[in-house]
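S.K.: Okay, structure incoming, though there's no sequence with it:
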């Protein structure tokens, strides 16, 4: 993801028909006075989904996320050296902005470059907290970041960059104890930066150990990689991994060996994550073009950089092998783009996941909205239209926006337009059945004291879904979200008078209980 995401590198589009790099991407360059009368609750069996025709405007399940980039202080914290209280306030502001638009997931960068946004015995503190790499900020932000997301019913995905070792190319300038300083033989200088060599088993083991450490110690919901694998091509430079290739190449061609190295790490991390905590998801946000038809007849009808050939990222292999729970390709080009048309790519990725257990979300180029270099991005409705395209493909289970700063800025009113047109109701998270789990018990003790609903906590519930049953009595909660008025994390809700409500308990993976119903008294 790049430039803007620096690394979110993402959007870099290198035009293969010319020698110029067409770079964009997430980084491009790197939520009445009550009468005291109580009403009795009625235990109600769930109406069969077939009783209602699904309304496509209100999907029952949809991931709606935002990337929060910490590298180079893109999103959070806004600058180095802020007090912990100021850092907390900035983060809460981001989450409140996301919750206001009914988003339900955050992807927070916890390891920008072999550093840590959390207390670690394996890697030094990130410089983006204090301004000094390795300096203790005086608190561990990660528990707070996770808890605040969970309070709002949001999933927390910890975002790691696997191979970037440093934004400089000198190991001597790294903090003492930094893995790259202790193991300079793990590193390769390229493009003015320092990278870990993906061809070394010791590198893969270290990356896996770092991720496993976070999964085991913190209550995260997902592990996330963006599009940075082998570095994006730098003109006139060579990635010098010849010695590792000679030792481990095993007769393969260099490009195939490099892809195998990435695939091996992905499979290794996938296994480690699920062996440590079976409910934690693992997914990757690849560059938006796997291969072009000019490279491969099964590729997309596009003319941009090929992730398969240029950065050795074979998303198709991950999908086919099931070593990811989801893919989140970065489609940072608008509809009708000459080199990489959004419609074309959304359809191509949808076809790729058909018949597999891998879920598909789309990375949206929110940071591009308002850019003057492409007329499409000067139109306030482009982003909302792209979400509409996603909704036309049943394989697309949601979207994630790059990035949080732009979410708050709301360029051209585009974020509010998306929320109004597509996110007017909350949504539960898509189920990944392969991760197991089961629905919690239905809420017990549901009562209405005036307009205040309350119930007993359900064992295993992360949140509760509150539906307002229409006057007709037709309960469509099992079909779509047309009647979903809130997803709350505490066992209470302020309702409207003289209305019937259905409440369900939802576990951390999105499994939903049967309903319990109650009617509030008339005013």
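M.R.: Perfect, I can see it now. Just so it is clear, the structure is predicted and the values come from calculations on it, not from any experiment.
S.K.: where along the stretch 401-523 of the chain do the helices fall?
M.R.: Counting by DSSP state H, counting those that start in this stretch, the stretch 401-523 of the chain has helices at residues 404-409, 414-422.
S.K.: As a markdown table, the ones you listed with mean neighbour count and distance to residue 218 would be great.
M.R.: The C-beta positions use only the backbone N, C-alpha and C, and glycine is treated the same way. A markdown table is the format used below for the helices of the stretch 401-523 of the chain (neighbours: other Cβ atoms under 10 Å; distance: least, Cβ to Cβ, whole Å):
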| stretch | mean neighbour count | distance to residue 218 |
| --- | --- | --- |
| helix 404-409 | 21 | 20 |
| helix 414-422 | 20 | 29 |
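S.K.: Those into JSON lines, with extra columns for mean pLDDT and distance to residue 58?
M.R.: Below are these laid out as JSON lines (pLDDT from 0 to 100; distance: least, Cβ to Cβ, whole Å):
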{"stretch": "helix 404-409", "mean pLDDT": "98", "distance to residue 58": "22"}
{"stretch": "helix 414-422", "mean pLDDT": "98", "distance to residue 58": "9"}
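S.K.: if I look at residue 452, how far off is residue 138?
M.R.: Plainly put, residue 452 is 40 Å away from residue 138 if you go by Cβ to Cβ, to the nearest Å.
S.K.: Tell me which of those two has more neighbours.
M.R.: Neighbour count, other Cβ atoms under 10 Å: between residue 452 and residue 138, residue 452 has more, with 16 against 9.
S.K.: can you list the helices of the stretch 401-523 of the chain in CSV and add distance to residue 53?
M.R.: Output for these, formatted as CSV (distance: least, Cβ to Cβ, whole Å):
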stretch, distance to residue 53
helix 404-409, 33
helix 414-422, 19
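S.K.: between those, which gets nearest to residue 213?
M.R.: helix 404-409 (25.2 Å; Cβ to Cβ).
S.K.: got the residue ranges for the strands in the stretch 151-300 of the chain?
M.R.: Counting by DSSP state E, counting those that start in this stretch, one finds strands in the stretch 151-300 of the chain at the ranges 155-160, 164-166, 187-190, 193-196, 222-225, 281-284.
S.K.: Which residue lies nearest the spatial centre of this structure?
M.R.: residue 107 (4.5 Å; Cα atoms, centre = their mean).
S.K.: Could you check how far that one is from residue 217?
M.R.: Taking Cβ to Cβ, one finds residue 107 at 19 Å from residue 217.
S.K.: from the chain's centre, how far out does the longest helix along the chain sit?
M.R.: Looking across the chain with DSSP state H, the single longest helix is helix 254-276. Taking the mean of its C-alpha atoms, helix 254-276 sits 20 Å from the chain's own mean (Cα atoms, centre = their mean, to the nearest Å).
S.K.: outside of that helix, which residues touch it?
M.R.: With contact meaning Cβ atoms under 8 Å, 6 or more residues apart in numbering, helix 254-276 is reached by 162, 198-199, 204, 207-208, 211-212, 215-216, 223, 225, 229-230, 241, 245, 248-250, 252, 280, 282, 284, 308-309, 312-314, 317-318, 321, 323-324, 435.
S.K.: again, only using 6 Å
M.R.: Residues from elsewhere that reach helix 254-276 (Cβ atoms under 6 Å, 6 or more residues apart in numbering): 198-199, 204, 208, 211-212, 215-216, 223, 229-230, 245, 249, 280, 282, 312, 314, 317-318, 323.
S.K.: mind listing what's buried in it?
M.R.: Within helix 254-276, the residues scored as buried using 16 or more other Cβ atoms under 10 Å are 257-263, 265-270, 272-274, 276.
S.K.: And stretch 111-119, by the same measure?
M.R.: Buried-residue list, stretch 111-119, by 16+ other Cβ under 10 Å: 111, 112, 113, 114, 115, 116, 117, 118.
S.K.: What is the most widely separated pair among the residues you listed?
M.R.: It's 113 and 118 that sit farthest apart of the buried residues of stretch 111-119, by Cβ to Cβ, at 14.5 Å.
S.K.: List buried residues within the contacts of helix 254-276.
M.R.: 198-199, 204, 208, 211-212, 215, 223, 229-230, 245, 249, 280, 282, 312, 314, 317-318, 323.
S.K.: Filter those residues down to just the ones in helices.
M.R.: 204, 208, 211, 212, 215, 245, 317, 318.
S.K.: what does the model give the first one for pLDDT?
M.R.: Note on residue 204: pLDDT of 98.
S.K.: Just give the closest residue to it, not the sequence neighbours.
M.R.: residue 265 (4.8 Å; Cβ to Cβ, 6 or more residues apart in numbering).
S.K.: Quick one: closest of the helices of the stretch 401-523 of the chain to residue 388.
M.R.: Using Cβ to Cβ, the nearest of those to residue 388 is helix 414-422, at 7.3 Å.
S.K.: orientation of the longest helix of the chain relative to strand 155-160 in degrees?
M.R.: Orientation check (axes from the mean of the first three to the mean of the last three Cα atoms, to 10 degrees): helix 254-276 against strand 155-160 gives 140 degrees.
S.K.: Please identify the buried residues of stretch 120-137?
M.R.: 120, 123, 124, 125, 126, 127, 128, 129, 130, 133, 134, 137.
S.K.: Next: stretch 491-503.
M.R.: 491, 493, 495, 499, 500, 501, 502, 503.
S.K.: Repeat that for stretch 474-482.
M.R.: Per 16+ other Cβ under 10 Å, stretch 474-482 contains these buried residues: 475, 476, 477, 478, 479, 480, 481, 482.
S.K.: What of stretch 290-302?
M.R.: Buried-residue list, stretch 290-302, by 16+ other Cβ under 10 Å: 290, 291, 292, 299, 300, 302.
S.K.: who's in contact with the first one?
M.R.: Taking Cβ under 6 Å, 6+ apart as the criterion, residue 290 is in contact with 307, 308, 315, 316.
S.K.: Equivalent analysis for the fourth one, please.
M.R.: Counting by Cβ under 6 Å, 6+ apart, residue 299 touches 291, 292, 293.
S.K.: just checking, the second one touches residue 301?
M.R.: Spelled out, it's residue 292. No. Contact criterion Cβ atoms under 6 Å: residue 292 and residue 301 do not qualify, at 7.8 Å.
S.K.: ok, residue 455 to residue 443 distance?
M.R.: Taken as Cβ to Cβ, the span from residue 455 to residue 443 is 4 Å.
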